[in-house]
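Visitor: quick check, what structure comes out for this input:
(one chain, ligands or ions: 1)
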Amino acid sequence: MTRPLPSSTRTRPPVVEQSGLLVCAPLRLEARAVRRGLHGTAATVVATGYGPRRAAARAATLGPLSFGALAIAGTGGGLADDLVPGDLVVASEVSDGQTVTPIPSAQLLAGELRRAGLRVRTGRVVTVDHLFRTDRDRLAAAGAIAVDMESAELIKAARGRPVAVVRAISDTPGRPLLRPAALAGGVAALRSLRAAGPALARWAAATGDRQVLLAGPRSFCAGVERAIEIVERILEQHGAPVYVRKQIVHNSHVVSSLEARGAIFVDELSEVPDGARVVFSAHGVSPTVRAEADRRGLSTVDATCPLVAKVHAEARRFATDGYLVALIGHAGHEEVEGTLGEAPDSVALVETTEDVGRLRPADPSKVAYLMQTTLAMDEAAGIAGALRERFPDARAPGSDDICYATTNRQRAARGVAAESDLVLVAGSANSSNSVRLVETAQRAGTPAHLIDGPSDIELGWLAGVSTIGLTAGASAPPAVVEDIVAALGGLGSVEVSERVITTENIRFSLPKEVRQS
Ligand code: SF4
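Guide: Below you'll find the predicted structure:
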């Protein structure tokens, strides 16, 4: 049960000894709202008093207690124009104007609150002496998104323990304090504080010391690095905009970072203005797309990964030699669409062993098979086996179509899965090779989840988990892995070690259009 504790405006003796979640809420009203949200949990809620002086005095009495995690929850003033009363701000750092205290697990809590249906922003919260006399515009210009009067003092009670700061916005630049609308803003803020309670309890339950096993290799492959570099070089050499047909690689971070620099991603060439410069993505395109670009007079640069281009060439060769080509892959994936387009009358998509039985080659002795480069090795091997069983003369690709990067990442993921309670795979939902890493870890018997970043981690996954395997798909930036490790470090100490099965030193040369003269 949630235990109410008396409000305090003076320093009091310690009021509670426990190992769970301690929530500090400055005002009684705020404490009551949070307490209601935490009803049925073992959390303890303390009303710590209004203002920095009382907060500092109270923090000094709370520090020695044996709680396991500290949350500071209350209302606050919004500094960003897009905040509205009732929005929650989860502090990624708290400043008193002199020092800045980072809060690494902010993204984890923010994600949990968003999944609960709440509007949440993360950013800097500044603690000030006076809410009315403070130059809020100056704080906003310096990057803060919310202001309060206690967090920077109360946070000192954490003393190295996991800490979270949640401020429910009661007033904003558009709806300032001391206006009639401020009352409604306060009510909305208290309602949000109450709604935040269950997520705070899950955050506290997820705290603890852990081991993280990094799979190696992980993250960017040579084809992805080349594709990104092509767009970057065009932006440098010709300036924005540069059009890119489809996502250059399947990762939201890469796409938004290039968009911010002037890349415009389109689904079809019809969206590209006549005469513009357009890049074909790493997944490749069919000959009809190239033909349309030529007809339109577009200036094209091909970022197709050379290993995808190799599969295209194999498809053309087998089709020219009169073979029916069974392409093992996933319907709708851009790479598959590009390869099918090389010889539409001669290439048939095979997604399952059942599809093998549906093939009707004109000459059963002239069947060949190819693979999408990012398939799961074991799954593809099963379908290839079914093809060879039905068509004993079936021709296989000259060398493995599943690329080195996919193979290495799957083997590494399987390795860490065997040692872990949970596997997290950094990657976007439309990234085939990232999804295959999740399946690979799951097939090894370990729960595994795909996450685009720390905020996708459901805190319930972490309960009772002491060892986390961590890897990243070939399109996921290394920085995302670092962000995930940092966020987990906000829940307790994290010991990071690496399990490297091989090292990669493959580099692909850039197309002549972007090479420096
Ligand atoms: S995953 Fe393989 S095929 Fe795809 S871009 Fe990377 S190296 Fe090329």
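
Visitor: what is the mean pLDDT for the longest helix anywhere in the chain?
Guide: Using DSSP state H, we find that the single longest helix of the chain is helix 181-205. Helix 181-205 shows a mean pLDDT of 93.

Visitor: and for stretch 341-360?
Guide: Mean pLDDT, stretch 341-360: 97.

Visitor: list the buried residues for that stretch?
Guide: 341-343, 346-351, 353, 355-356, 359 (16 or more other Cβ atoms under 10 Å). Yep, even glycine has a C-beta here, placed from its N, CA and C like the rest.

Visitor: measure it end to end?
Guide: Start and end residues of stretch 341-360 are separated by 19 Å (Cα to Cα, to the nearest Å).

Visitor: identify the residues contacting that stretch?
Guide: Surrounding stretch 341-360, the residues in contact under the criterion Cβ atoms under 8 Å, 6 or more residues apart in numbering are 285-289, 312, 315-316, 318-319, 323-331, 336, 339-340, 367, 369, 382-383, 386-387, 390-391.

Visitor: which pLDDT value goes with the residue of the stretch 401-517 of the chain found nearest the ligand?
Guide: Closest contact between the stretch 401-517 of the chain and the ligand, by Cβ to the nearest ligand atom, is at residue 403 (3.2 Å). Note on residue 403: pLDDT of 97.

Visitor: and residue 400, by the same measure?
Guide: You'll see residue 400 listed with a pLDDT of 86.

Visitor: residue 265 now?
Guide: pLDDT, residue 265: 98.

Visitor: who does it form a beta bridge with?
Guide: Here residue 265 sits in beta bridges with residue 244, going by DSSP bridges.

Visitor: wait, what's in contact with it?
Guide: By Cβ under 8 Å, 6+ apart, residue 265 lies in contact with 243, 244, 246, 247, 248, 255, 259.

Visitor: if you set the cut-off to 10 Å instead, what comes out?
Guide: By Cβ atoms under 10 Å, 6 or more residues apart in numbering, the residues touching residue 265 are 231, 243-248, 255-256, 258-259, 271, 279, 281.

Visitor: which residues of the stretch 101-250 of the chain fall in helices?
Guide: For the stretch 101-250 of the chain, the helices identified by DSSP state H, counting those that start in this stretch occupy 106-115, 136-141, 151-154, 181-205, 222-238, in order along the chain.

Visitor: no no, the stretch 251-400 of the chain
Guide: Assigned by DSSP H, counting those that start in this stretch, the helices in the stretch 251-400 of the chain fall at 252-260, 287-296, 306-320, 334-340, 353-357, 377-390.

Visitor: for the fourth one, list every residue counted as buried.
Guide: Yep, that's helix 334-340 we're talking about. For helix 334-340, by 16+ other Cβ under 10 Å, it's 334, 335, 336, 337, 338, 339, 340.

Visitor: and that helix, does that touch the ligand?
Guide: No - judged by Cβ under 6 Å from any ligand atom, helix 334-340 stays clear of the ligand, getting no closer than 7.6 Å.

Visitor: picking that back up, out of the helices of the stretch 101-250 of the chain, indicate the one that is most buried.
Guide: helix 151-154 (a mean of 28; mean count of other Cβ atoms under 10 Å).

Visitor: okay, that one in CSV with CA atoms only?
Guide: Extracted in CSV, the C-alpha atoms of helix 151-154 (Å, rounded to 0.1, in the frame of the first residue of the first chain):
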residue,chain,number,x,y,z
SER,A,151,14.1,19.7,-8.1
ALA,A,152,17.7,20.7,-8.0
GLU,A,153,17.7,20.6,-4.2
LEU,A,154,15.7,17.4,-3.8
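
Visitor: which parts of the chain sit against the ligand?
Guide: Residues of the chain that fall close to the ligand, judged by Cβ under 6 Å from any ligand atom: 221-224, 282, 305, 307-308, 373-374, 403, 405-406, 433, 474.

Visitor: please redo it, this time with the cut-off set to 5 Å
Guide: 221, 223, 282, 305, 307, 373, 403, 405, 474 (Cβ under 5 Å from any ligand atom).

Visitor: nearest to residue 425, of those residues?
Guide: Set against residue 425, the nearest of those by Cβ to Cβ is residue 474 (11.3 Å).

Visitor: that older thread, mind checking which of the buried residues of stretch 341-360 land in strands?
Guide: 347, 348, 349, 350 (DSSP state E).

Visitor: what's the spacing between the last one and residue 156?
Guide: With the distance defined as Cβ to Cβ, to the nearest Å, residue 350 ends up 62 Å from residue 156.

Visitor: rewinding a little: let me know which of the helices of the stretch 251-400 of the chain is tucked in deepest.
Guide: Ranked by average neighbour count under the criterion mean count of other Cβ under 10 Å, the helices of the stretch 251-400 of the chain are headed by helix 334-340 at a mean of 23.

Visitor: got the CA positions of that helix in CSV?
Guide: C-alpha atoms of helix 334-340 as CSV (Å, rounded to 0.1, in the frame of the first residue of the first chain):
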residue,chain,number,x,y,z
GLU,A,334,12.4,-2.8,-51.5
GLU,A,335,15.4,-5.1,-52.2
VAL,A,336,13.1,-7.9,-53.2
GLU,A,337,11.1,-5.6,-55.5
GLY,A,338,14.2,-4.4,-57.2
THR,A,339,15.5,-7.9,-57.8
LEU,A,340,12.1,-9.1,-59.0
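
Visitor: going forward can the numbers begin at 457, since that is how I track them
Guide: All right, first residue 457 from here; so that's helix 790-796.

Visitor: that helix - contacts with which helices or strands?
Guide: Where contact means 3 or more Cβ pairs under 10 Å, 6 or more residues apart in numbering; DSSP states H and E, helix 790-796 is packed against helix 743-752, helix 762-776, strand 780-784, strand 803-806, helix 888-899.

Visitor: try 6 Å this time
Guide: Packing partners of helix 790-796 (3 or more Cβ pairs under 6 Å, 6 or more residues apart in numbering; DSSP states H and E): helix 762-776.

Visitor: now the helix it packs on, how far from the centre of its chain.
Guide: With Cα atoms, centre = their mean, to the nearest Å as the basis, the distance from the averaged C-alpha position of helix 762-776 to the chain average is 34 Å.

Visitor: next up, the contacts around residue 515.
Guide: Counting by Cβ atoms under 6 Å, 6 or more residues apart in numbering, residue 515 touches 609, 610, 612, 613.

Visitor: what's the answer for residue 790, then?
Guide: Residue 790 makes contact with 702, 739, according to Cβ under 6 Å, 6+ apart.

Visitor: pretty sure residue 783 contacts residue 826?
Guide: Yes - Residue 783 lies in contact with residue 826 (Cβ atoms under 6 Å); the separation is 5.3 Å.

Visitor: in the stretch 607-756 of the chain, what residue lies closest to the ligand?
Guide: As assessed by Cβ to the nearest ligand atom, the ligand sits closest to residue 679 within the stretch 607-756 of the chain, at 2.5 Å.

Visitor: the residue nearest to that residue when sequence neighbours are not counted - how many residues pack around it?
Guide: The shortest distance from residue 679 to any residue other than its chain neighbours is 3.1 Å, reached at residue 761 (Cβ to Cβ, 6 or more residues apart in numbering). Close neighbours of residue 761, defined as other Cβ atoms under 10 Å, add up to 25.

Visitor: and what of residue 972?
Guide: Residue 972: 7 surrounding residues under other Cβ under 10 Å.

Visitor: element containing it, please.
Guide: Taking DSSP states H and E as the criterion, no element holds residue 972; it sits outside all helices and strands.
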